[in-house]
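Chemist: pasting the structure only:
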């Protein structure tokens, strides 16, 4: 797929996978070999539940088990995006009903990856203002610059 | 020498063959010559099937 969408091996991408069946041959394959796939593609290879809604999708493909057409894994290739730890954000700011995680993620993902990296390297905290409210997000607690850093 | 007979160079051809048990088996594939012998187990087990699927998934990316 990388060739079809014009991505070279060195381009940074994040690959997410989604299974059609929770208990299937392909599900077992990914339990045993997801790390191996990650090692070969040299990019993050993560379940789709960790895919950010703001992630820019580059391409999508799938693989079906030849023995069972209903057993399919869909692969999403995305540009790197800040990865939020929803539970941690909820824990820290959950009491604030006006704080919308999606909006927060959108604001953070408006920064370039390089810019975001530079900001967190400087002080480890990213302060963003959302709906007039300042939120201090802690790097590697509330969010990661990208999936590669997180996984 | 073989008894009184002196065997000259080029007279003999040495060939190694797997037993029929392996040559005709559907579980194995084999080939050999004078210097090398190769026997492959061709039956697929769960691990091999999983590895194959894993490679297919990798190739899709």
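Modeler: Received it, and whenever you're ready, just let me know what you need. None of these values were measured; they are calculated from a predicted model.

Chemist: so what's whichever residue of chain B sits closest to chain A up against?
Modeler: For chain B, the residue closest to chain A is residue B:54, as judged by CB to the nearest CB, at 3.7 Å. Placement of C-beta: from N, CA and C, glycine included. With contact set as CB atoms under 8 Å, 6 or more residues apart in numbering or on different chains, residue B:54 has these partners: A:29, A:32, A:33, A:36, A:37.

Chemist: hang on, the last one packs against residue A:43?
Modeler: No. The criterion here is CB atoms under 8 Å, and residue A:37 misses it with residue A:43 at 9.6 Å.

Chemist: Go through chain A and flag its longest helix.
Modeler: Using DSSP state H to define each element, chain A has its longest helix at helix A:25-41.

Chemist: buried set for that helix?
Modeler: A:25, A:26, A:29, A:30, A:33, A:34, A:36, A:37, A:38, A:40, A:41 (16 or more other CB atoms under 10 Å in any protein chain shown).

Chemist: rewinding a little: the one helix or strand the residue of chain B closest to chain A maps to versus helix A:25-41: what angle between them?
Modeler: Residue B:54 belongs to helix B:46-60 when assigned by DSSP states H and E. Interaxial angle of helix B:46-60 relative to helix A:25-41 (axes from the mean of the first three to the mean of the last three CA atoms, to 10 degrees): 60 degrees.

Chemist: Which positions in chain A make contact with chain B?
Modeler: Proximity of chain A to chain B (CB under 8 Å from any CB of the partner chain) is limited to residues A:1-2, A:15, A:17, A:25-26, A:28-30, A:32-33, A:36-37, A:40-41, A:61-63, A:65, A:73, A:75, A:77.

Chemist: one more time with 7 Å
Modeler: When proximity is defined by CB under 7 Å from any CB of the partner chain, chain A lies next to chain B at A:1-2, A:15, A:25-26, A:28-29, A:32-33, A:36-37, A:40-41, A:61, A:63, A:65, A:73, A:75, A:77.

Chemist: Looking at residue A:96 now. What's its pLDDT?
Modeler: Residue A:96 carries a pLDDT value of 62.

Chemist: can you map out the helices along chain B?
Modeler: Residue ranges of the helices in chain B, as given by DSSP H, are B:20-23, B:46-60.
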